[in-house]
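J.: Next one to model:
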Amino acid sequence: MNYDTFRRNEISHHDLPDGFALDSAPERDFGIHSAVYRSANPEFFQTFLEYGSDLEGLCYCFWVSRNGERVGGVIIRPNHIEGLFVIPPFTDDFGMLAAVKPLLLHWSEKEKDIQAIELLPFEVDLYLRLGFRSDCIRRHLIRPTARFEVTWEDDVDLRACEDGGIDDICRLFAEAFAGGVGQYGRYTQEDYRRRLHGFPGNKTRDTVFGEASTLIYDRQEGHLVAACLVGMVDQVPALEYLAVHPRYRRRKLAKRMIQKALTVLHRDFRLLKVQVFVGNSAEALYSGLGFQPGIERYSLRIPAGTF
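T.: Residues are numbered from 1 along each chain as shown. All right, here's what the predicted structure looks like:
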């Protein structure tokens, strides 16, 4: 079967095997259907709108039809798939994914992994049956905000999160997460630069999240040694990134950055959450600070060079 090329920023139609087809979907309408048919949670719609603002105009959301009738939806682009759902009475999610997969392979760069992200537990076997491999599991942890007395040593400087520090932040993340659990352990500085586009500056400047976030510099050497970036995720304050350079671990810098965030946020919010990779040693830190485990999301992949 002949497939069209991926056309970012352009509404498109793509024929698939077995009578299936993809058609570009407006982000808002797609989000409503996803909230109903994938998560059965109307609150997810607002969450999707926040996420959808990053997708707007990129044409990553698609309706899936079969023989001209809409039967589901999916978010798909080169080397990336997520958010598959079916619309009753249609129930063949395996057949739908099997029809979408050849187009995903056609679009994807062969030297990069294909990522299937944010999978719910019941979806994992579906992807495994189609040749995806387990990558990592993420777990949400949550606890109430509270006030702490936080003190710092004289050999470090605390600075606000500003756009001017983005190079330092990307360098720290690449060094601190190298070889760790999940895809973060494989990211380069440029990968983090793309992920952090607009963050922290746009999300933290002149907000409580800016005050709750922390950059720690070694006073003598002048380089960034630890960072905690706080934002809003799914309408709940979240520790979006927390990193300490390997040379500066076991000094309780991470613990104090979290305690500072909990203290600052306590004025306006009652909860703080964080998402961690299962198996990450940081889980012990969060557990010791009273965070409780919640929902798990799975990531799978097709490794580069195997498709």
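J.: What is the least confident helix or strand in the chain?
T.: helix 43-55 (a mean of 57; mean pLDDT, DSSP states H and E).
J.: What is the helix or strand following it packed up against?
T.: Moving toward the C-terminus from helix 43-55, the next helix or strand (DSSP states H and E) is strand 61-66. Applying 3 or more CB pairs under 8 Å, 6 or more residues apart in numbering; DSSP states H and E, we find strand 61-66 packed against strand 20-24, helix 27-37, strand 69-77, helix 93-107. C-beta coordinates here come from the backbone N, C-alpha and C atoms, glycine included.
J.: If we use 7 Å, what do you get?
T.: Secondary-structure packing of strand 61-66 (3 or more CB pairs under 7 Å, 6 or more residues apart in numbering; DSSP states H and E): strand 20-24, strand 69-77.
J.: Run me through the strand neighbours of the first one, direction for each.
T.: What that stands for is strand 20-24. strand 13-15 (antiparallel), strand 61-66 (antiparallel) (DSSP bridges).
J.: Restrict the helix or strand containing Y241 to CA atoms and write it as PDB.
T.: Assigned by DSSP H and E, Y241 belongs to strand 236-244. Output of strand 236-244 as PDB, limited to C-alpha atoms (Å, rounded to 0.1, in the frame of the first residue of the first chain):
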ATOM      1  CA  VAL A 236      -2.400  20.500  40.000                       C
ATOM      2  CA  PRO A 237       1.000  22.000  40.900                       C
ATOM      3  CA  ALA A 238       3.700  19.600  39.900                       C
ATOM      4  CA  LEU A 239       7.500  19.200  40.300                       C
ATOM      5  CA  GLU A 240       8.100  19.000  36.500                       C
ATOM      6  CA  TYR A 241      11.900  18.600  36.700                       C
ATOM      7  CA  LEU A 242      14.200  17.900  39.700                       C
ATOM      8  CA  ALA A 243      17.900  17.300  39.100                       C
ATOM      9  CA  VAL A 244      21.100  17.300  41.200                       C
END
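J.: What is it packed up against?
T.: Using 3+ CB pairs under 7 Å, 6+ apart, the elements in contact with strand 236-244 are helix 166-177, strand 224-233, helix 253-265, strand 271-277.
J.: Rebuild these as CSV, extending it with mean neighbour count and distance to P293.
T.: As requested, these are exported to CSV (neighbours: other CB atoms under 10 Å; distance: least, CB to CB, whole Å):
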stretch, mean neighbour count, distance to P293
helix 166-177, 19, 21
strand 224-233, 23, 17
helix 253-265, 22, 16
strand 271-277, 20, 9
